[in-house]
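K.L.:
Give me the fold of what follows.
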Amino acid sequence: MARGGRSELTSVTLTEERVRDLVERMLKSSGRRLDLSSPFVDAALPDGSRLHVAIPDITRRHWAVNIRKFIARASSLDDLVHLGSLSVAAARFLEVCVAGGMNVLVSGATQAGKTTMLNCLASAIGPRERVITVEEIFELQLPLRDVVGLQCRQPNLENEGAIPLRRLVKEALRMRPDRFIVGEVREAESLDMLIALNSGLPGMATVHANGAHEALTKICTLPLLAGENIGRSFIVPTVASCVDLVVHCARDGRGSRHVEQIVAVGSRVEAERIETSTLFIRNEGELQVSPSAIFDLPKLSEDGHGQLVRAGVLG
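P.N.:
Residues are numbered from 1 along each chain as shown. The predicted model follows:
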């Protein structure tokens, strides 16, 4: 097991029959199934934990069971400041950007704290905004009132009735959203997300990546999976015009999670490369304003710039 982001060895031993019984009991409330025709299952437990199981012959011999428990230690940007994951200046900056309707991409490796960051960013959304979220499995717990959450559905025994993430993205746009959030972008649904953001609908999403710039490269590549008629000549300028900020999260060797980098995405594209500017970067354990930071973000209102000046982020 892992506690506080670090692996620990336990003395608990379970027989194969006991493991199967526990998995079956956990799956009863999820509506998901696990058998030879569907050897993987990804489900949410009643307490919000996420269950993933793989069985033979996909695994070599034993059932592989993984349970991710989400401990809500932070529900706002101020909570992340208290935990040391974010600086005060960066928190005020992100708060103003989200409130101003800028599109934010949260990147990081597995267990880097992307979902927690997305929840905390959502706390800066206005109380009167209607938020639609789409996820493979319910994970987001937004501290807002008007939230409609959608999740994917697996096919039934007749291999029918599946609802993929691309379908949810399209349906979400018909639900009168003021803000659109994709829990995690993995495949071709990234194209539908970009089209939605390009229509003027503010939103946020997470993506697996090793860094902020790698996240941009990935979000420019994933839409190509949508079809052969989709080319980079269309995708790269669309990403440049849609994505405003990339917040990269990381986890160190001690299991501590923090924001490593905040990058502003420009609208200029040269040789299929998007112009970017590093705004905040972690240096000697502290998230600091980058010496080369350019805080000329056109989508920020004059009031937003004023808030950043008062917070000491802008000079």
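K.L.:
pretty sure residue 194 is touching residue 237, no?
P.N.:
No - using Cβ atoms under 8 Å, residue 194 is not in contact with residue 237; the gap is 10.5 Å. Just so you know, the C-beta spots here come from the backbone N, C-alpha and C atoms, and that holds for glycine as well.
K.L.:
quick one: which of those two has more around it?
P.N.:
Shown here are residue 194 and residue 237; by other Cβ atoms under 10 Å, residue 194 has more neighbours (26 against 17).
K.L.:
Average pLDDT for the helix or strand harbouring that one, rounded please.
P.N.:
Residue 194 is part of helix 189-198, with elements assigned from DSSP states H and E. Averaged over helix 189-198, pLDDT sits at 90.
K.L.:
Now that helix - C-alpha only, PDB.
P.N.:
What follows is helix 189-198 as a C-alpha-only set of coordinates in PDB (Å, rounded to 0.1, in the frame of the first residue of the first chain):
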ATOM      1  CA  GLU A 189     -12.100  13.600 -27.100                       C
ATOM      2  CA  SER A 190      -9.400  16.300 -27.000                       C
ATOM      3  CA  LEU A 191     -10.600  17.400 -30.400                       C
ATOM      4  CA  ASP A 192     -14.200  17.900 -29.200                       C
ATOM      5  CA  MET A 193     -12.800  19.700 -26.100                       C
ATOM      6  CA  LEU A 194     -10.700  22.100 -28.200                       C
ATOM      7  CA  ILE A 195     -13.700  22.900 -30.500                       C
ATOM      8  CA  ALA A 196     -15.800  23.700 -27.500                       C
ATOM      9  CA  LEU A 197     -13.200  26.000 -26.000                       C
ATOM     10  CA  ASN A 198     -12.700  27.600 -29.400                       C
END
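K.L.:
Make 316 the first number, not 1, from now on.
P.N.:
Got it, the first residue is 316 from now on, which makes the last one we talked about helix 504-513.
K.L.:
what packs against that helix?
P.N.:
Counting contacts by 3 or more Cβ pairs under 8 Å, 6 or more residues apart in numbering; DSSP states H and E, helix 504-513 packs against helix 480-487, strand 494-497, strand 518-523, helix 547-557.
K.L.:
Switch those over to TSV; also include mean pLDDT and distance to residue 393.
P.N.:
Below are the helices and strands packed on helix 504-513 laid out as TSV (pLDDT from 0 to 100; distance: least, Cβ to Cβ, whole Å):
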stretch	mean pLDDT	distance to residue 393
helix 480-487	92	29
strand 494-497	94	20
strand 518-523	95	18
helix 547-557	91	28
